[in-house]
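Trainee: The following comprises the amino acid sequence and a computationally predicted model.
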Amino acid sequence: MGFSPLGLALVAAILAPSLMLLFWPSSGPWPASRSAGVSFDAVEHAGRVASCALLLLAGPSLEDVSSHGWGSVGLAGASVAFVGLNGVPWARYLQSGRSLEALFRPLWGVPVPGAVFPVGALLCAAAVSGSWWLAAASLVFAVGHLANSWHMWKHLRRASR
């Protein structure tokens, strides 16, 4: 176990879009209820911290990708694709004039794509690195992140009716 430059790149790529909210905040108000509850918030934050730490310390390496054959190459490619797809809802957010509804709206049949795509990237990275700890942390993150994002989407959809 050691520092993973690929893990750092993945952490940066997954977290970078969320930093856009600091520079380009939503044009409308945030719903009063942003999360599915305190327990989902705690699970999401714990999973995020654990996933990021494990990506940095035990994330995928070029050796993992090259030594495990084409399956690892495909999973690494899928992880990169999920990161790229995660940019689509954010582009839609900026294009819409920074509407939260555009950020959370389903994309190509995928509900809350800004939550689903990062989770997919993390799970692919866990598979490439062979880290069960990263897979477990990613699943913990998924439970909280997907629940909170779905809650936000339902709230935004209800408010727009």
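Mentor: Done, it's in. What you are looking at is a predicted structure, and each value in this text was computed from that prediction instead of being measured.
Trainee: backbone phi and psi for the residue nearest to Asn148 when sequence neighbours are not counted, please?
Mentor: Of all residues not flanking Asn148 in the chain, Ser35 sits nearest, at 4.6 Å (Cβ to Cβ, 6 or more residues apart in numbering). Using the backbone N, CA and C atoms, a C-beta is placed for each residue, glycine as well. The phi/psi pair for Ser35 (degrees, to the nearest 10) reads phi -130, psi 170.
Trainee: who touches Ser35 in this structure?
Mentor: Ser35 makes contacts with 41, 148, 151-152, as judged by Cβ atoms under 8 Å, 6 or more residues apart in numbering.
Trainee: Put together CSV for the residues you listed, with pLDDT on each row.
Mentor: Formatted as CSV, the contacts of Ser35 follow (pLDDT from 0 to 100):
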residue, pLDDT
Asp41, 95
Asn148, 95
His151, 94
Met152, 92
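Trainee: quick one on the thing from earlier: any idea of the pLDDT on the residue nearest to Asn148?
Mentor: At Ser35, the model reports a pLDDT of 85.
Trainee: do the same with Gly47
Mentor: 97.
Trainee: quick one on the thing from earlier: could you tell me which of the contacts of Ser35 count as buried?
Mentor: Among these, those classed as buried by neighbour count (16 or more other Cβ atoms under 10 Å) are 148, 151-152.
Trainee: Columns distance to Val11 on top of those residues, output as JSON lines?
Mentor: Listed next are those as JSON lines, based on distance: Cβ to Cβ, whole Å:
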{"residue": "Asn148", "distance to Val11": "20"}
{"residue": "His151", "distance to Val11": "25"}
{"residue": "Met152", "distance to Val11": "23"}
